[in-house]
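Enquirer: Sequence plus the predicted model coming up.
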Amino acid sequence: MMQIIFSIVSVLWMVYAFFRVKQSIHMLQLNSYFNKRLWRWMTEHWSKVVPIHEWLALIFALLLFLEWNWLIFVIALLGLFVPRT
């Protein structure tokens, strides 16, 4: 049963990844294949590049993966947001 669920989730993820790659290639084409223009667009529109639901899905997957070691994950995650001097 778990293998079937994993297979379904894998197929859904591949379909989603296909459309994300298609969108990324489209943005590269709109910027005339100039990497600097694409990079500038990506930094100005970071929420379109990596939407919040993708971050939430990543965090959820990591929490499931870590199971009881969630505290280590939270500490590492908080370490990303500590201001550097």
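Expert: Looks like it came in fine.
Enquirer: per-residue pLDDT, Gln23?
Expert: On the pLDDT scale, Gln23 is placed at 85.
Enquirer: Does Met27 touch Leu38 like I think?
Expert: Yes: under the criterion of CB atoms under 8 Å, Met27 makes contact with Leu38 at 6.4 Å. Using the backbone N, CA and C atoms, a C-beta is placed for each residue, glycine as well.
Enquirer: Extract the CA atoms of stretch 28-35 and return them as PDB.
Expert: C-alpha atoms of stretch 28-35 as PDB (Å, rounded to 0.1, in the frame of the first residue of the first chain):
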ATOM      1  CA  LEU A  28      14.500  32.800 -19.500                       C
ATOM      2  CA  GLN A  29      13.100  33.200 -23.000                       C
ATOM      3  CA  LEU A  30      11.300  36.400 -22.000                       C
ATOM      4  CA  ASN A  31      14.600  37.800 -20.700                       C
ATOM      5  CA  SER A  32      16.200  37.000 -24.100                       C
ATOM      6  CA  TYR A  33      18.500  34.400 -22.600                       C
ATOM      7  CA  PHE A  34      20.400  37.100 -20.700                       C
ATOM      8  CA  ASN A  35      21.400  35.600 -17.400                       C
END
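Enquirer: Now do the helix or strand encompassing Met27: distance to the chain's middle.
Expert: Per DSSP states H and E, Met27 falls inside helix 2-30. On the basis of CA atoms, centre = their mean, to the nearest Å, helix 2-30 sits 11 Å off its chain's mean C-alpha point.
Enquirer: Which helix or strand lies directly C-terminal to it?
Expert: The C-terminal neighbour of helix 2-30 among helices and strands, as given by DSSP H and E, is helix 35-44.
Enquirer: Name the residues that touch that following helix?
Expert: The contact list for helix 35-44, computed with CB atoms under 8 Å, 6 or more residues apart in numbering, reads Met27, Leu28, Asn31, Val49.
Enquirer: Many thanks, we can stop here.
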